[in-house]
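Colleague: what follows is a predicted protein model with its sequence.
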Amino acid sequence: MTEEKTDTKESKDLLSRLRDAGDDALQRVADMPGGQKVLDAMNGLRDRIDELQKRLGGVDELEKRVEALEKKIAGSAKTGTRKTDSTS
């Protein structure tokens, strides 16, 4: 049990150190000439990726619906039943 606590403490310490290093790196980039433009572009990219991810979620739902319809059509083709238009 002591090893688990030590591992958890070490991993939290490592994650904290990584987070702090990342924050420092971003601050340095922002302080560089043109660095703010880079950060703005990165934030814009993040927003576009989030939007794309939401749209892809909708595509997954559509794929499920198409699959269900394909199964339904395949089932009706197996039984030989076919609807005919009555507009003739």
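Modeller: Great, that's in hand.
Colleague: need the residue closest to the centroid of the chain.
Modeller: For the chain, Q53 is the residue whose C-alpha lies nearest the centre (Cα atoms, centre = their mean; 4.7 Å).
Colleague: now for the strand or helix carrying D13, which elements pack on it?
Modeller: Using DSSP states H and E, D13 maps to helix 2-31. In terms of contacts (3 or more Cβ pairs under 8 Å, 6 or more residues apart in numbering; DSSP states H and E), helix 2-31 is packed against helix 35-79. In this view, the C-beta of every residue, glycine as well, is placed from N, C-alpha and C.
Colleague: which helices and strands sit right next to the helix it packs on?
Modeller: Using 3+ Cβ pairs under 8 Å, 6+ apart: helix 35-79 touches helix 2-31.
Colleague: state the mean pLDDT of the helix it packs on.
Modeller: Helix 2-31 shows a mean pLDDT of 78.
Colleague: now that helix against helix 35-79, angle please.
Modeller: 120 degrees (axes from the mean of the first three to the mean of the last three Cα atoms, to 10 degrees).
Colleague: pLDDT score assigned to K83?
Modeller: 58.
Colleague: number of residues surrounding L52?
Modeller: 10 (other Cβ atoms under 10 Å).
Colleague: look up how far A30 lies from L15.
Modeller: 23 Å (Cβ to Cβ, to the nearest Å).
Colleague: do D47 as well
Modeller: 18 Å.
Colleague: where's K72 relative to K54, distance?
Modeller: Distance of K72 to K54, computed by Cβ to Cβ: 28 Å.
Colleague: same thing with G34?
Modeller: G34 is 31 Å from K54, by Cβ to Cβ.
Colleague: repeat that for A25.
Modeller: From A25 to K54 the distance is 29 Å (Cβ to Cβ).
Colleague: same check, this time on P33
Modeller: Counting by Cβ to Cβ - P33 and K54 are separated by 35 Å.
Colleague: E63 now?
Modeller: Taking Cβ to Cβ, one finds E63 at 16 Å from K54.
Colleague: do N43 as well
Modeller: N43 sits 17 Å away from K54, going by Cβ to Cβ.
Colleague: give me the neighbour count for V38.
Modeller: Using other Cβ under 10 Å, V38 has 13 other residues around it.
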